[in-house]
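A.B. asks: all I have is the shape, not the residue letters:
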């Protein structure tokens, strides 16, 4: 079998929470050997977060959150305050090609693992630091979490309905977005090293990565002096464009669960197709609706007609009828829909591996396919410190007696 693209690349993963682990997850998917450095004295918060199997917490290895974003990695534990623990970390750095961290600015320096020290240990090392606001500027020491960075990026100011206050986008989007940017930068740095033999330092601001999502809004402000207005699910260049109610037959705990279908009409030709599907072909030539500008003047009326049609049909039925006619439409899927989706399951998107504590569970897998260098999720997320002895003995060259001494000193906590 052909090797994955990052086979042979070794990563020391000093990350936690979501942005950093999401970055190193991509590297693991690409075949890198990722060793995550954790601590029993300060367990990563994601090991303590739901969801838990059968909604039963208990221990640091049961979190679905952690187990999703740490697939394919190994875990060792170090207590940086204990004697000789930093020496272990330094040995790991010498073994590595890449070091990744996402602590606040200055934390790695205070641990004795700042870039200047890392470069002394291995000059061609690629080091990536994913701080909240970068390592320069007046905000560099501010505390950063993804949920706060979403509104700070400007994304919340563009999200919501006209006349409403800004809305959160529903998840900590800044975290995985930053992780994906960092993984891309690391790949570029590895390519640079391959060509020149030079390592380098990647200093990245999670906030600036989040701002990338509102580039169009920034450009509009620069061009016109006005910020885009919140407009719900509508779009200035496509009408209708939105989410419409569908017929629901799902009852959960005695409550009817809503169902929705999303529809996007890109141009006048697609408007004619939609009009045909909903049984109103005359709308295509009606001057009140035939052009984008005309439809923009009558969005409420149009949305009412479309909703009248969708509400009489199941979401999948409505989406299929529109797609068959050539109109972009899709079910607003919930996680149950996704988990059971025949298309995703046929393509093998989901991964089921036996985890040491929670058993066999379904996880989101790799969203790309590579024909010449195939990738795979090679292992479930590790138990806390699961590979400490293995890594210290087989990777870093410690003897059994030395490992026992480190453990007695509390260095492996």
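C.D. replies: Arrived safely, thanks for sending. Here the structure is a predicted model, which means the values were calculated and not measured. Residues are numbered from 1 along each chain as shown.
A.B. asks: find the centremost residue of the protein, please.
C.D. replies: residue 176 (3.1 Å; C-alpha atoms, centre = their mean).
A.B. asks: in which helix or strand would I find residue 246?
C.D. replies: Taking DSSP states H and E as the criterion, residue 246 maps to strand 241-246.
A.B. asks: whoops, residue 201 was the one
C.D. replies: Assigned by DSSP H and E, residue 201 falls in strand 200-205.
A.B. asks: and the strands in the protein?
C.D. replies: 10-14, 33-38, 73-77, 98-101, 126-131, 200-205, 241-246, 251-252, 255-256, 259-264, 328-331, 350-355, 359-364 (DSSP state E).
A.B. asks: and the fourth one, which strands flank it?
C.D. replies: The one in question is strand 98-101. strand 10-14 (parallel), strand 126-131 (parallel) (DSSP bridges).
A.B. asks: mind putting the ones you listed into a markdown table with distance to residue 106?
C.D. replies: (Glycine included, C-beta is placed from N, CA and C.) As requested, the strands paired with strand 98-101 are exported to a markdown table (distance: least, C-beta to C-beta, whole Å):
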| stretch | distance to residue 106 |
| --- | --- |
| strand 10-14 | 14 |
| strand 126-131 | 9 |
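A.B. asks: just send those back as TSV, with mean neighbour count, mean pLDDT and distance to residue 315 too.
C.D. replies: Converted to TSV, these look like this (neighbours: other C-beta atoms under 10 Å; pLDDT from 0 to 100; distance: least, C-beta to C-beta, whole Å):
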stretch	mean neighbour count	mean pLDDT	distance to residue 315
strand 10-14	25	98	40
strand 126-131	25	97	38
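A.B. asks: out of the ones you listed, which gets nearest to residue 246?
C.D. replies: Distance to residue 246, taken as C-beta to C-beta, is lowest for strand 126-131 among the strands paired with strand 98-101, at 40.1 Å.
A.B. asks: what residues does the closest one touch?
C.D. replies: By C-beta atoms under 8 Å, 6 or more residues apart in numbering, the residues outside strand 126-131 that reach it are 15, 19-20, 23, 97-105, 108, 115, 118-119, 135, 140, 144, 178-179, 182, 185-186, 189-190, 193, 199-206.
A.B. asks: quick one on the thing from earlier: so what's the residue nearest to the centre of the chain closest to, chain neighbours aside?
C.D. replies: residue 22 (4.7 Å; C-beta to C-beta, 6 or more residues apart in numbering).
A.B. asks: any idea how far the one you found is from residue 58?
C.D. replies: 25 Å (C-beta to C-beta, to the nearest Å).
A.B. asks: neighbour count for the two, which is higher?
C.D. replies: residue 22 (23 against 9; other C-beta atoms under 10 Å).
A.B. asks: shouldn't that one be in contact with residue 173?
C.D. replies: No - between residue 22 and residue 173 no contact is recorded; they are 11.4 Å apart, counting by C-beta atoms under 8 Å.
A.B. asks: and residue 232, how many neighbours does it have?
C.D. replies: With other C-beta under 10 Å as criterion, residue 232 counts 15.
A.B. asks: what sits against it?
C.D. replies: 160, 161, 162, 242.
A.B. asks: likewise for residue 29?
C.D. replies: 71, 72, 366, 375, 377.
A.B. asks: got those residues as a markdown table, with pLDDT and distance to residue 36 columns?
C.D. replies: Shown next, in a markdown table, are those (pLDDT from 0 to 100; distance: C-beta to C-beta, whole Å):
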| residue | pLDDT | distance to residue 36 |
| --- | --- | --- |
| 71 | 98 | 11 |
| 72 | 98 | 10 |
| 366 | 97 | 18 |
| 375 | 95 | 19 |
| 377 | 96 | 15 |
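A.B. asks: could you give the bridge partners of the residue nearest to residue 332 when sequence neighbours are not counted?
C.D. replies: In space, and not counting its chain neighbours, residue 332 is closest to residue 260: 3.9 Å by C-beta to C-beta, 6+ apart. With DSSP bridges applied, residue 260 shows beta-bridge pairing to residue 245.
A.B. asks: surely residue 260 meets residue 247?
C.D. replies: No - counting by C-beta under 8 Å, residue 260 stays clear of residue 247, with 10.6 Å between them.
A.B. asks: common neighbours of those two, please.
C.D. replies: residue 315.
A.B. asks: re the thing from before, any idea which of the strands of the chain scores lowest on pLDDT?
C.D. replies: The weakest mean pLDDT among these belongs to strand 251-252, with a mean of 62.
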